[in-house]
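Enquirer: no letters, just coordinates:
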């Protein structure tokens, strides 16, 4: 099956520092990847759509200068949280889009728990 | 009003029970309807996928979509303790498009 990994699985950082999260599709190429944020006992909220070789498309209310997304290859997208603050503490989940025979499915990574102190 | 509404639960049932999970939505343009299962501190995994209205069955799981009522359901028969997880409904306007998730229902199946 299609596997998506994320690194790191958890990270603690100090307020004001930047953190990079990697999302990799291990056994398939993904032109499109998505980044979600999930607060405790809440739903996944789409932050941005990442397309290989082009700029990411951010959802309304998501600061693109704070959440930098780079999709430099067909198997890797990165999310950098710049100048992190405690309110950025959350569970960040990526997904990679795989399409075959007219059917598309998002495969999700295991998530990265970010704690900003 | 949220685009997708889902009762967060928690829902606790005895092993072997039939579980009914539901979502309502407001945008009639949604065409694709999914149910995901998410274990604690893990990413969601796709359980069921339905296009437009109708029913779909896969083993112990049945998904129903009623577009006229803007209502979707997931039924789990003969529930097992291993089914204990959070179940999220999700919808999209088109194939491969962004997903709009419900809040998720936390299910606990007691042995």
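Expert: Structure's in. What do you need? These numbers come from a predicted model, not from an experiment.

Enquirer: only C-alpha atoms from now on, for both contacts and neighbour counts.
Expert: Will do.

Enquirer: which intervals of chain B have sub-threshold pLDDT?
Expert: Residue ranges of chain B with pLDDT under 70: B:1.

Enquirer: what are the boundaries of the strands in the chain?
Expert: Went with chain A since none was named. For chain A, applying DSSP state E gives strands covering A:4-7, A:10-13, A:19-25, A:32-38, A:44-51, A:57-58, A:67-73, A:76-81, A:90-100, A:103-108, A:112-116.

Enquirer: you answered for a different chain; I wanted chain B.
Expert: Under DSSP E, chain B gives strands at B:4-6, B:11-14, B:19-25, B:32-38, B:45-51, B:54-58, B:61-66, B:71-76, B:85-92, B:100-101, B:105-110.

Enquirer: name whatever forms a beta bridge with residue B:62.
Expert: Beta bridges link residue B:62 to residue B:57, residue B:75, judged by DSSP bridges.

Enquirer: burial measure for it, as a count.
Expert: Using other CA atoms under 10 Å in any protein chain shown, residue B:62 has 17 neighbouring residues.

Enquirer: what about it, distance to chain A?
Expert: Going from residue B:62 to chain A by CA to the nearest CA, to the nearest Å gives 19 Å.

Enquirer: who's in contact with that residue?
Expert: B:55-56, B:74-76 (CA atoms under 8 Å, 6 or more residues apart in numbering or on different chains).

Enquirer: try residue A:37
Expert: By CA under 8 Å, 6+ apart, the residues touching residue A:37 are A:44-47, A:90-93.

Enquirer: now it: closest residue in space, sequence neighbours ignored.
Expert: Computed as CA to CA, 6 or more residues apart in numbering or on different chains, the closest residue to residue A:37 that is not its neighbour in sequence is residue A:92, at 4.6 Å.

Enquirer: that neighbour pairs with what?
Expert: With DSSP bridges as the criterion, residue A:92 is bridged to residue A:37, residue A:112.

Enquirer: counting neighbours, what do you get for it?
Expert: 27.

Enquirer: flag every residue of chain A that's near chain B.
Expert: A:34, A:41-46, A:49, A:93, A:97, A:99, A:103-111 (CA under 8 Å from any CA of the partner chain).

Enquirer: run the last query once more with 10 Å
Expert: A:4-5, A:9, A:32-34, A:36, A:38, A:40-46, A:48-49, A:91-95, A:97-99, A:102-113 (CA under 10 Å from any CA of the partner chain).

Enquirer: and these, which of them are buried?
Expert: Neighbour-count burial (16 or more other CA atoms under 10 Å in any protein chain shown) applied to those gives A:4-5, A:9, A:32-34, A:36, A:38, A:43-46, A:48-49, A:91-95, A:97-98, A:105-113.

Enquirer: returning to what we had before: neighbour-wise, which one of the contacts of residue B:62 leads?
Expert: That'd be residue B:74 among the contacts of residue B:62, by other CA under 10 Å, with 24 neighbours.

Enquirer: quick one: it and chain A, what's the gap?
Expert: 17 Å.

Enquirer: can you get me a residue count around the closest residue to residue B:79 other than its chain neighbours?
Expert: If the residues on either side of it in the chain are set aside, residue B:79 comes closest to residue B:16, at 4.7 Å by CA to CA, 6+ apart. Neighbour count for residue B:16, taken as other CA under 10 Å: 15.

Enquirer: correct me if wrong: residue B:16 contacts residue B:82.
Expert: No. Using CA atoms under 10 Å, residue B:16 is not in contact with residue B:82, being 11.5 Å away.

Enquirer: need the overlap of contacts for the two.
Expert: Taking CA atoms under 10 Å, 6 or more residues apart in numbering or on different chains as the criterion, residue B:16 and residue B:82 both touch B:109-111.
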